[in-house]
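S.K.: 3D, please:
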Amino acid sequence: MVVDATTLRAQARRHLGPHFTRKDTWDSEFPIFVRGEGSYLIDTEGDRYLDGLAGLFCVNMGHGRADIAKAASEQINTLAYASNWGAAHPPAIEAAALIAELAPGDLGTTFFVNSGSEAVETALKFARQYFRSQGQPQRTKVISRNMAYHGTTMGALSITQLPKIKDPFGELLPGIRSVPNTLGYTGDCGPVTELDCFQAIERTILEEGPETIAAIFAEPVQNGRGALVAPTGYWPALRALCDKYGILLVSDEVICSFGRLGHFFGYGLTGVVPDLVTFAKGSTSGYAPLGGMIVREKLVQELFSSSKGGVFTHGATWGGHPVSTAVAVANITAMRDENVLGNVQENGPKIMEALESLKSSHRCVKAIRGTGFFYAIELMADSFSGRELTETESLTVLREVLPESFKRTKVILRGDDRGATMIMISPPLVADSDVLSELLHGVDGMLNDIEKAIQP
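M.R.: Predicted structure coming up:
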């Protein structure tokens, strides 16, 4: 079937509201993808692109999985919709039980929503209602890390620490404090409690008053500012700090959970059981919208026993939708049975090694960060002389060079401007050595294109 891309683009420009897309991009000849196969997307012209970003960090099991599609189809034909308000249905129950089996510690209760932003919103509301139910209504404040992205709903956006996407909306929730992220600290940096990036957290707690802090939100690997992996001991120390002051520790794993780091949850990297985990993307590999909050069973029991009516006063029509949760069960089961996490654990270090070799051969590479199947390449004008990109050069790279380079190499990645000029890499977790070799060859080509456009 021939698809008229020109007509489709015209209709999109007139009727479809794009997400986080500049008008000049929407006015350009943007690709229209019509099919997916494994690690690849196919556009209206029949061109195959390697999906090096796994959609938006979400298509962990790759495109075109017949088994996941079958699970969705069978569920639609059996029970297309029922709510989890005063009732339940098998797919949501099975998904919640499976997640509890895989989650660490007593993280045993899942509250399903529809997206990562809603998951963070849910965790924020749970934290505030929990402390009110425990006779501590003054605990409403939240701490999150500089440059962290936690979502776009108003509560989640309040916790997000990216001024560029907050400023257009004016005043958000009060009582949100920012602390330094772990940029510049990785591996063994000595005693974590002596590092300023950690000491600043306790200073902020004491400045605000520990009795007023409800939660600390942090990602196992922070996406904003480029795949920041915390130094050794950081997460155990953070856990101890939260326990010391009675603060809930929220691990935002919207990107990191379900295999991105080579583990089902961030615990596999941090060794720490948080109080709440937020998830979304990889739980369904993008085959259906789903997000959720996993809570320690003890906290749920305490809220239910103390709050009026024994209820968490939150919900959504589509939360725990039968089709989405059926897809989650099929997706997570396949991920487990096919040892997809083993593929990430085996090939992740090889990706890092290859990227480090590109750093040594390209003057435009400043730093490589990440782990598992999640990496960032930070760019500069000339690493040999130490010259950074000017603001104009950065815009040229992000708005002109990289979009054209993605088209030329047929490898889709993401240009990122959150605190630096970066390329984000996040391939499907099923990508084998041949696919990863193609991806890395594409990255090499992109770096060549940048160096042609930017003088030393």
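
S.K.: Can you tell me how far the closest residue to residue 222 other than its chain neighbours is from residue 90?
M.R.: In space, residue 222 comes closest to residue 228 once its chain neighbours are excluded; the distance is 4.0 Å by C-beta to C-beta, 6 or more residues apart in numbering. For glycine as for every other residue, the C-beta is placed from the backbone atoms N, C-alpha and C. Going from residue 228 to residue 90 by C-beta to C-beta, to the nearest Å gives 40 Å.

S.K.: Tell me how many other residues crowd the residue nearest to residue 201 when sequence neighbours are not counted.
M.R.: Spatial nearest neighbour of residue 201, excluding adjacent residues (C-beta to C-beta, 6+ apart): residue 179 at 4.9 Å. Residue 179: 21 surrounding residues under other C-beta atoms under 10 Å.

S.K.: quick one, what contacts residue 179?
M.R.: Going by C-beta atoms under 8 Å, 6 or more residues apart in numbering, residue 179 touches 143, 144, 145, 146, 197, 200, 201, 204.

S.K.: what do you get if the cut-off is 10 Å, keeping everything else the same?
M.R.: When contacts are counted by C-beta atoms under 10 Å, 6 or more residues apart in numbering, residue 179 touches 143-146, 148, 161, 197-205, 216, 218.

S.K.: Please tell me how far it sits from residue 324.
M.R.: Counting by C-beta to C-beta, the gap from residue 179 to residue 324 is 34 Å.

S.K.: ok, now residue 64?
M.R.: Separation of residue 64 from residue 324 (C-beta to C-beta) stands at 19 Å.

S.K.: So between these two, which is more surrounded?
M.R.: With neighbours defined as other C-beta under 10 Å, residue 64 and residue 324 compare such that residue 324 has more, 24 against 14.

S.K.: I figured residue 294 was touching residue 253, is that so?
M.R.: Yes - the criterion here is C-beta atoms under 10 Å, and residue 294 meets it with residue 253 at 8.9 Å.

S.K.: anything in contact with each of those two?
M.R.: Here residue 294 and residue 253 have 119, 265, 274, 277, 278, 279 as joint contacts, going by C-beta under 10 Å, 6+ apart.

S.K.: To which secondary structure element is the fifth one assigned?
M.R.: Secondary structure from DSSP states H and E places residue 278 in strand 276-279.

S.K.: So what are the sheet partners of that strand and their directions?
M.R.: In the sheet, strand 276-279 lines up against strand 248-252 (parallel), strand 291-296 (antiparallel) (DSSP bridges).

S.K.: Which of the ones you listed sits closest to residue 240?
M.R.: Nearest of the strands paired with strand 276-279 to residue 240, taken as C-beta to C-beta: strand 248-252 at 10.0 Å.

S.K.: a markdown table for the strands paired with strand 276-279, including mean neighbour count, mean pLDDT and distance to residue 240?
M.R.: Formatted as a markdown table, those follow (neighbours: other C-beta atoms under 10 Å; pLDDT from 0 to 100; distance: least, C-beta to C-beta, whole Å):
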| stretch | mean neighbour count | mean pLDDT | distance to residue 240 |
| --- | --- | --- | --- |
| strand 248-252 | 27 | 99 | 10 |
| strand 291-296 | 26 | 98 | 16 |
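
S.K.: do you know which of the ones you listed lies nearest residue 378?
M.R.: For those, the distance to residue 378 is smallest for strand 248-252, at 21.9 Å, taking C-beta to C-beta.

S.K.: CA atoms only for that closest one - export them in CSV, please.
M.R.: C-alpha atoms of strand 248-252 as CSV (Å, rounded to 0.1, in the frame of the first residue of the first chain):
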residue,chain,number,x,y,z
LEU,A,248,10.3,8.5,52.1
LEU,A,249,12.8,7.5,49.4
VAL,A,250,11.2,7.4,46.0
SER,A,251,13.2,5.7,43.2
ASP,A,252,11.9,7.2,39.9
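
S.K.: and the helix or strand just after that strand, what other elements does it pack with?
M.R.: Later in the chain than strand 248-252, the nearest helix or strand by DSSP H and E is helix 267-270. Applying 3 or more C-beta pairs under 10 Å, 6 or more residues apart in numbering; DSSP states H and E, one finds that helix 267-270 contacts helix 234-245.

S.K.: now the helix it packs on: mean pLDDT?
M.R.: For helix 234-245, mean pLDDT rounds to 98.

S.K.: buried ones in it?
M.R.: Going by neighbour count (16 or more other C-beta atoms under 10 Å), the buried part of helix 234-245 is 234, 235, 237, 238, 239, 241, 242.

S.K.: Which residue comes closest to the fifth one once chain neighbours are left out?
M.R.: Nearest non-adjacent residue to residue 239, counting by C-beta to C-beta, 6+ apart: residue 272, 4.7 Å away.

S.K.: Tell me where the model's unsure across this structure.
M.R.: Within the chain, the segments meeting pLDDT under 70 span 1-3, 307-308.

S.K.: Residue 297 and residue 108 touch, don't they?
M.R.: Yes - here residue 297 lies in contact with residue 108, judged by C-beta under 10 Å, at a distance of 4.3 Å.

S.K.: Between these two, point out the one with more neighbours.
M.R.: Taking neighbours as other C-beta under 10 Å, residue 297 and residue 108 compare with residue 108 leading, 17 against 13.

S.K.: Would you mind naming the helix or strand containing the more buried one?
M.R.: Applying DSSP H and E as the criterion places residue 108 in strand 107-113.

S.K.: quick one, that strand and strand 291-296 angle?
M.R.: Angle of strand 107-113 versus strand 291-296, following axes from the mean of the first three to the mean of the last three C-alpha atoms, to 10 degrees, is 160 degrees.

S.K.: Adjacent strands (with direction) for strand 107-113?
M.R.: strand 291-296 (antiparallel).

S.K.: distance between the partner strand and the chain's centre?
M.R.: How far strand 291-296 lies from its chain's middle: 15 Å, per C-alpha atoms, centre = their mean, to the nearest Å.

S.K.: Identify each buried residue in the helix or strand just after that strand, please.
M.R.: Once the chain leaves strand 291-296, the next helix or strand it forms, by DSSP H and E, is helix 297-306. By 16+ other C-beta under 10 Å, the buried positions in helix 297-306 come out as 299, 300, 303.

S.K.: mind putting these in CSV, distance to residue 135 included?
M.R.: Shown next, in CSV, are the buried residues of helix 297-306 (distance: C-beta to C-beta, whole Å):
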residue, distance to residue 135
299, 15
300, 17
303, 12
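
S.K.: Go through those and name the one nearest residue 114.
M.R.: Of the buried residues of helix 297-306, the one sitting nearest to residue 114 (C-beta to C-beta) turns out to be residue 300, at 20.5 Å.

S.K.: who touches the nearest residue to that closest one once chain neighbours are set aside in this structure?
M.R.: The shortest distance from residue 300 to any non-neighbouring residue, by C-beta to C-beta, 6+ apart, is to residue 109 (4.8 Å). Applying C-beta under 10 Å, 6+ apart, we find residue 109 in contact with 96, 99-100, 103, 276, 293-301, 312.

S.K.: Looking at residue 228 and residue 90, which has the bigger crowd around it?
M.R.: A direct count of neighbours by other C-beta under 10 Å for residue 228 and residue 90 places residue 228 higher, at 23 against 15.

S.K.: Do a quick rundown of the helices in the stretch 301-450 of the chain.
M.R.: Counting by DSSP state H, counting those that start in this stretch, the stretch 301-450 of the chain has helices at residues 322-337, 340-361, 391-396, 402-409, 433-453.
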